[in-house]
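Q: How does the following fold in three dimensions:
(chains A, B, C, D and E)
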Amino acid sequence: MSSASDVEIPLDVPKKAHDIYRKNFELITHGTGRLMLLAGDQRVEHLNDDFYGEGIHEDDADPEHLFRIAQQGRIGVYATQLGLIARYGRQYPDIPYLVKLNSKTNLVKTAQQDPMSNQWFTIDQIVRFREQSGLKIAAVGYTIYLGSEFEAEMLHQAAQVVIEAHQHGLLTVLWIYPRGNAVKEEKDPHLIAGAAAVAATLGSDFVKVNAPKKDGVSSADMLKEATTTAGKTKVVCAGGSSMDVPAFLKQLHEQIHIGGTSGNATGRNIHQKSLEEAVRMCNAISAITMDDASAEEAIRIYEGS
Amino acid sequence: MSSASDVEIPLDVPKKAHDIYRKNFELITHGTGRLMLLAGDQRVEHLNDDFYGEGIHEDDADPEHLFRIAQQGRIGVYATQLGLIARYGRQYPDIPYLVKLNSKTNLVKTAQQDPMSNQWFTIDQIVRFREQSGLKIAAVGYTIYLGSEFEAEMLHQAAQVVIEAHQHGLLTVLWIYPRGNAVKEEKDPHLIAGAAAVAATLGSDFVKVNAPKKDGVSSADMLKEATTTAGKTKVVCAGGSSMDVPAFLKQLHEQIHIGGTSGNATGRNIHQKSLEEAVRMCNAISAITMDDASAEEAIRIYEGS
Amino acid sequence: MSSASDVEIPLDVPKKAHDIYRKNFELITHGTGRLMLLAGDQRVEHLNDDFYGEGIHEDDADPEHLFRIAQQGRIGVYATQLGLIARYGRQYPDIPYLVKLNSKTNLVKTAQQDPMSNQWFTIDQIVRFREQSGLKIAAVGYTIYLGSEFEAEMLHQAAQVVIEAHQHGLLTVLWIYPRGNAVKEEKDPHLIAGAAAVAATLGSDFVKVNAPKKDGVSSADMLKEATTTAGKTKVVCAGGSSMDVPAFLKQLHEQIHIGGTSGNATGRNIHQKSLEEAVRMCNAISAITMDDASAEEAIRIYEGS
Amino acid sequence: MSSASDVEIPLDVPKKAHDIYRKNFELITHGTGRLMLLAGDQRVEHLNDDFYGEGIHEDDADPEHLFRIAQQGRIGVYATQLGLIARYGRQYPDIPYLVKLNSKTNLVKTAQQDPMSNQWFTIDQIVRFREQSGLKIAAVGYTIYLGSEFEAEMLHQAAQVVIEAHQHGLLTVLWIYPRGNAVKEEKDPHLIAGAAAVAATLGSDFVKVNAPKKDGVSSADMLKEATTTAGKTKVVCAGGSSMDVPAFLKQLHEQIHIGGTSGNATGRNIHQKSLEEAVRMCNAISAITMDDASAEEAIRIYEGS
Amino acid sequence: MSSASDVEIPLDVPKKAHDIYRKNFELITHGTGRLMLLAGDQRVEHLNDDFYGEGIHEDDADPEHLFRIAQQGRIGVYATQLGLIARYGRQYPDIPYLVKLNSKTNLVKTAQQDPMSNQWFTIDQIVRFREQSGLKIAAVGYTIYLGSEFEAEMLHQAAQVVIEAHQHGLLTVLWIYPRGNAVKEEKDPHLIAGAAAVAATLGSDFVKVNAPKKDGVSSADMLKEATTTAGKTKVVCAGGSSMDVPAFLKQLHEQIHIGGTSGNATGRNIHQKSLEEAVRMCNAISAITMDDASAEEAIRIYEGS
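A: Okay, here's the model as predicted:
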């Protein structure tokens, strides 16, 4: 892990924004260079599927659940849409926020039309919101579907998001998922590496990719190609759908220590639990991500022992 | 019901616009936090179908009918297109208005092309109109067809509408309807909840959804998922096509007291009646919505007894 | 007929533009509230079909023909494209002009692609032209094809045209024609009423619609639904293709006195005649429209007796 | 032929630009009101087909060839893309230039997709270039494919080009070609007249059309309909593909004296010859166009006798 | 080879930018007028295919590899995306950079959709970056796929890139590749000449084309048509996929001395080697390009002897 003084400021951040960029970087990585991102943008992406139904704790039905987790748990940054931040931010002013700038629903399937996720706000509007609200708006996020027939538009929007966010000292996280009729294996390790490479060319601080999988097998080792080609852009893995906690934490540990990732972006594996359990889960994840805890130590944290 | 002092101002409303936002909120909810919205935007959506023909009172043929109702009846806000407000507003200066910002006709069916409803005016133009006209322009409305192939454009426009309306203290109501070739059951309760969730992520003050229905049955109970996931965004149900008045009022009472909605958005069930009957209908609806009247009390109001 | 002092200024006309709006209204309605619009925008819409060929007087081959008619005949406003006005306006400075803002050719048929007529100029450019030329630019016009797959774009452009024209005291006339693969009967009375209703929601001063026709029969009576639902937006009927003069004038009289229209928009029935005959035709039409002459009186005027 | 003092300045040219407009008009028509346009924009339109191959003089392989011709020959204006003017203008400062604003290649055929030629530069950029370069940028050109599915976009761009060019005293030439899957006979005389009519509605100073042809026969007589309906917009005929010189010159003479055109726009019939021959060809064409020479006199000029 | 004083400044470079344009030209051509361009933009174009796998040295897996080569080898300019320059530029401030402005992945094949490569940044953003970073941003690059159904949009963007880059003294390189369903033989010599011709009309300083090939045979002779029609726009050949070094160097020598090109744009033939070998390869290429070395001399340089 890098220490806080290690923050390397990219050259598209102007001098006048250096301090705020450095502060944001230290804030969301707790001075470790690693990122624990609490992903809470699914109310558009999956509509209400992730928040209500079998196997989902009833706490999750209310959007405030995620704010409670973000406040009580140990996290790096809480990613969600601006509308929710505007409604709940007054009660949760201490949370470091990432504003997810684009979102789409899952209603139109790829077979019908390739995916396009459109930018909702400009960076200027986010900066204005940061000033007017006084909240800790530390970062912005944007999703690109590589291989979609709308890739050209999303690459353009993403490039604009990164360069303008940096002008104002905001950090950037790109969600990059290969998807579309042209994409046969979304989780192919070599393709995931390509996604990470694209993030590097776009100059993003972080890129969120899916954990690679080949012939049905996923292994942290497959991440090395991605984390190498990403260069100075840090790779974090998506948590994916809900799974067994010990397995999740072991996998995370390996992604970081074998795969070379710089953290994780976890949603359902946290927020589908009760508040109390979700908080422990955050703490377990953060122990691995930010304190170099072992998977076993993290499991104990999760178990509250 | 919340009292006027309970108005929670979202953080995308800047300090300089707090007073006007609060005043608008109290104006259209009569200080109750509940909304009785008189929906009169159908001259585009349904062309002249809702205003002329069998079962429709001849009063409804003239667009002034709705202004007369809005003035004489007890309502929260009257929603219609700017062009009509500009023509009739001088004679009806006391009505609180919501400017519906986008509209489409019903000529092109979903089987031919997915629905796209395009924004007609910018918020800056609405604010200029508010100033030049001196009218009580309290809110703006925008329709999103989730699941349409044009969803990306409408989500973008809606996000812009909400954030810029709030800059000027205008309230927002999003009409969100799942519709398009990808949508099989437009009124599925879980899907309606998803629509409400999207409104929350967009930070809207209110969202208008259709009453959910499953296996042909509609029940207020099915609304709970939506009103919960909508969080601080208040849900109002669309009135739908004309129906029996006592049944309508009972349903409304249940939507609020069982389903947890914060009001209603009613059009045809009001304006297809004669002026005198329509006014009584408004008063009946408002009694339930804003005075916590029982359905029976409301029916008596409607019956003029 | 209303008198000049009756002009009702809509609220999207700012105070500073009241005088010019009122003056424009009185100018093109001759203080009667009724409009005789000389339609001369077909050189794009129908290419040279309306100006050259069998049954068309050779005077019509030259674009100056319409300017001569507009100057020598009694008309309300002459509608044509800006390019022609810029070329001939110096010689015809007394004509009140309406700038038609969008146009398309008839080459691509609906079976191949739904119609889209694109805006050529912004209102700011028209206002600049009004100032630089010193001409009587009194109004602007825009065509919407309701039911086209491009309806969304045209509704947006039309809304912008009306609101910005009114900012500068310019009057607006919308040509609204249901057309596209989704439209089976373009002249259905109920559909024509829908078109008129849309014009009202857009706040236009006038709307030009086709005379309704059902089962092959056209009758002024069928216009009542449209003129009622249009409210304060005045309805004028398109003249359509060339027809027998007495029949034309009788039909016009009925449209006004039975159908409730506020005038007419006539092209081919005027300009396909020789200059001298066209001038008499203008005078006949204006007698009905603006002087409440009977059809018989108008026929005598046309006949020069 | 009109004399220089006859220049009629259209009303969309503001007073402050009158002098420059008049000067430009006199410059490119040599005070005759007739235009000899040297067309050299084909390096995009036909790629290298017109400049290299059988029957084409090797001089034509180098883009400087056309600049040499324009300098040494007698021409009205040389039309080409801005990039070439920027590269060669320093050595050829005396040539009057027309900047062709849009261009497309011939790779995608109409059967695959209707033609769309997109604007490369704004008028503001051309005016800036005129000022920075000090060159005689006298006019701009734009191509419209009437009947293309992209007609709406091109009509919009063309309208903008004309109105803004006139603001700065630049002359305009519209190339108008009916083309697209909807167009069966591109050179039908009535359709060509329609193209000329559209140019008039757009207010262009000149319009370049193809010589009309019917049942395989082309005759200058067929141009009369076009030159009449174009009104004050002057019609020039495209030279077309290479042909026998005496025939070409006779045809040109007839186009002007029978068809009523105001000149010609010739490319391949000039530049595919050697420099020396091309210069003589320019002089021959200009003699007919600008000096009212007979075809025979022009042929002698071409033959150098 | 031209000497430094020969730099011909095109007329779209304003006087105030002459010095910087001249400096940039001398910088990237080392005062020779010839360009050795190190192409390192493939992390988007080919995702990670060019950087990881069989036959690729492991040094290439890290994006810093190319920066190391650019610093230690003798090159003219290093072309890559802005994001990477922003991350590594601080450590590599002496490299002359070309910012590649558009990029697309190779996921969607032409059979599915014609290629569209969208502009990521405006020239104003590049100029701001040049100022804020203090780096030697000497040029910008843009790819056009001629014959794509999106050609119109790319021609527009390219034209804007060139004219605005020149305003600020930035040099331009256009990558022009015929590609799309309409293009049967991408490397046909006549078509490649057409691509070079288009670059000339756009006023680019350099154009990168693929080496032409006919009936499976490639020969430097085939380039003459392209280098002639390109006029003052200098042609550089793409290096293409990895090949035998001596053959590569001989081919390059012939392209320059027989084909008339002004350099090369080489990527994979350099960066897929180890750092040390890649540096020697750069030096060998630069010897031919900038020092007029023979192929044999260059081979000796490559071999380190």
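
Q: okay, CA-based contacts and neighbour counts for the rest of this
A: OK.

Q: for the one residue sitting closest to the centre of chain A, helix, strand, or coil?
A: Note on chain A: the residue nearest the mean C-alpha position is residue A:265, at 4.1 Å, using C-alpha atoms, centre = their mean. Under DSSP: H, G, I helix; E, B strand; the rest coil, the three-state class of residue A:265 is strand.

Q: Close to chain E: what parts of chain A are there?
A: A:9-12, A:14-15, A:146-149, A:151-153, A:155-157, A:159-160, A:182-183, A:190-191, A:193-195, A:197-198, A:200-204, A:225, A:228-232 (C-alpha under 8 Å from any C-alpha of the partner chain).

Q: Of those residues, select the buried ones using a ChimeraX command.
A: Applying 16 or more other C-alpha atoms under 10 Å in any protein chain shown to the residues of chain A next to chain E leaves a buried subset, and the ChimeraX line that selects it is:
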select /A:9,10,11,12,14,146,147,148,149,151,152,153,155,156,157,159,160,182,183,190,191,193,194,195,197,198,200,201,202,203,204,225,228,229,230,231,232
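
Q: thinking again about what came up before, against residue D:206, how distant is the residue nearest to the centre of chain A?
A: Note on residue A:265: its distance to residue D:206, by C-alpha to C-alpha, to the nearest Å, is 62 Å.

Q: Next up, the contacts around residue A:133.
A: Listed by C-alpha atoms under 8 Å, 6 or more residues apart in numbering or on different chains, the contact set of residue A:133 reads A:86, B:11, B:12, B:14.

Q: So the second one versus chain E, what's the distance?
A: Pointing back at residue B:11 there. Look at residue B:11 and chain E: by C-alpha to the nearest C-alpha, to the nearest Å, they are 31 Å apart.

Q: what's the closest residue to that residue other than its chain neighbours in contact with, if anything?
A: Nearest residue to residue B:11 in three dimensions, chain neighbours excluded: residue A:86, at 4.5 Å (C-alpha to C-alpha, 6 or more residues apart in numbering or on different chains). Residue A:86 makes contacts with A:133, B:10, B:11, B:12, B:203, as judged by C-alpha under 8 Å, 6+ apart.

Q: Of all the residues in chain A, which one is nearest chain B?
A: Across chain A, the shortest distance to chain B (C-alpha to the nearest C-alpha) belongs to residue A:83, at 3.4 Å.

Q: Just the element for that residue, please.
A: Using DSSP states H and E, residue A:83 sits in helix A:82-88.

Q: Determine the number of other residues adjacent to the residue of chain A closest to chain B.
A: Neighbour count for residue A:83, taken as other C-alpha atoms under 10 Å in any protein chain shown: 25.

Q: Skipping its backbone neighbours, what lies nearest it in space?
A: residue B:203 (3.4 Å).

Q: now swap in residue A:304 and tell me
A: Residue A:304 sits nearest to residue A:280 (C-alpha to C-alpha, 6+ apart), 6.9 Å away.

Q: show me the contacts for the one you found.
A: A:73, A:301, A:302, A:303, A:304.

Q: change it to 7 Å
A: A:73, A:301, A:302, A:304 (C-alpha atoms under 7 Å, 6 or more residues apart in numbering or on different chains).

Q: Next up, phi/psi of the last one, please.
A: The phi/psi pair for residue A:304 (degrees, to the nearest 10) reads phi 80, psi 20.

Q: Would you mind measuring from it to chain E?
A: Taking C-alpha to the nearest C-alpha, one finds residue A:304 at 41 Å from chain E.

Q: Also the first one?
A: Plainly put, residue A:73 is 32 Å away from chain E if you go by C-alpha to the nearest C-alpha.

Q: Nearest residue to that residue in space, ignoring adjacent ones along the chain?
A: Spatial nearest neighbour of residue A:73, excluding adjacent residues (C-alpha to C-alpha, 6+ apart): residue A:279 at 4.4 Å.

Q: repeat for the third one
A: Nearest-residue entry for residue A:302: residue A:280, 4.8 Å, with adjacent residues in sequence omitted and distances by C-alpha to C-alpha, 6+ apart.

Q: my read is the one you found is in a helix, agree?
A: Yes - assessed by three-state DSSP, residue A:280 belongs to a helix.

Q: for the record, mean pLDDT for stretch A:292-303?
A: For stretch A:292-303, mean pLDDT rounds to 96.

Q: For that stretch, which residues meet the burial criterion?
A: Neighbour-count burial for stretch A:292-303 [16+ other C-alpha under 10 Å]: A:292, A:293, A:294, A:295, A:297, A:298, A:299, A:301, A:302.

Q: can I get the contacts of residue A:86 in a markdown table with secondary structure and distance to residue B:272?
A: Below are the contacts of residue A:86 laid out as a markdown table (DSSP: H, G, I helix; E, B strand; the rest coil; distance: C-alpha to C-alpha, whole Å):
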| residue | secondary structure | distance to residue B:272 |
| --- | --- | --- |
| A:133 | helix | 45 |
| B:10 | coil | 36 |
| B:11 | coil | 40 |
| B:12 | coil | 38 |
| B:203 | coil | 33 |
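
Q: Whichever residue of the stretch 101-250 of chain A sits closest to chain E: what's it in contact with?
A: At 3.4 Å from chain E, residue A:203 is the closest residue in the stretch 101-250 of chain A, using C-alpha to the nearest C-alpha. With contact set as C-alpha under 7 Å, 6+ apart, residue A:203 has these partners: A:162, E:83, E:84, E:86, E:87.
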